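Trainee: build me a model:
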Amino acid sequence: QVQLVESGGGLVQAGGSLRLSCTASGRRSKMAWFRQVPGKEREFVAGVSWSVGSTYYADSVKGRFTIFRDTAKNTVYLQMNTLKPEDTAVYYCAADQRVIYRTNTYYRANEYDYWGQGTQVTVSS
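Mentor: Modelled structure (predicted):
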């Protein structure tokens, strides 16, 4: 069982920065951030291998967002820079315990069994 507690959302102007945090309990193989806006499917943002630290990003956030983990604190972060109004969404932290055989599993919401409560990020223009 994995429990996830998120923090760090809020309101920011376009071009600004925010950092999201997600503290996890329990063993995990990979963690990720997804986001969702009303009426749309949950969208992959970034993922990280917990043991090795390999990172994966959606094309829409490459070069602007950085995912990293602090293994001592059991926490994964999402540093979001140069935010755009289209980044506005509820951001969810996700974790999974299964062995990772293929990197494409990072990108799929159904490859994660555990989810945080979500945190709102609003970027004003």
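
Trainee: now do the buried residues in stretch 93-109.
Mentor: Using 16 or more other CB atoms under 10 Å as the test for burial, stretch 93-109 gives 93-96, 100, 105-107. For every residue, glycine as well, the C-beta is placed using N, CA and C.

Trainee: could I get those as CSV with pLDDT, secondary structure and distance to Glu43?
Mentor: Formatted as CSV, the buried residues of stretch 93-109 follow (pLDDT from 0 to 100; DSSP: H, G, I helix; E, B strand; the rest coil; distance: CB to CB, whole Å):
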residue, pLDDT, secondary structure, distance to Glu43
Cys93, 98, strand, 14
Ala94, 98, strand, 12
Ala95, 97, strand, 17
Asp96, 95, strand, 17
Ile100, 87, coil, 20
Thr105, 89, helix, 16
Tyr106, 93, helix, 13
Tyr107, 94, helix, 10
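
Trainee: tell me which two of these sit farthest apart.
Mentor: Cys93 and Ile100 (17.4 Å; CB to CB).

Trainee: chain center to stretch 52-67, what's the gap?
Mentor: 9 Å (CA atoms, centre = their mean, to the nearest Å).

Trainee: one more: stretch 13-23?
Mentor: Distance of stretch 13-23 from the chain centroid (CA atoms, centre = their mean) equals 11 Å.

Trainee: and for stretch 63-75?
Mentor: For stretch 63-75, the distance to the chain centre is 9 Å (CA atoms, centre = their mean).

Trainee: for it, measure first residue to last.
Mentor: 22 Å (CA to CA, to the nearest Å).

Trainee: go ahead and flag the most central residue of this structure.
Mentor: Centre of the chain computed as the mean C-alpha position; nearest residue by CA atoms, centre = their mean is Trp33, 1.5 Å away.

Trainee: is that one bridged to anything, and to what?
Mentor: The partner list for Trp33 in beta bridges (DSSP bridges) reads Ala46, Cys93.
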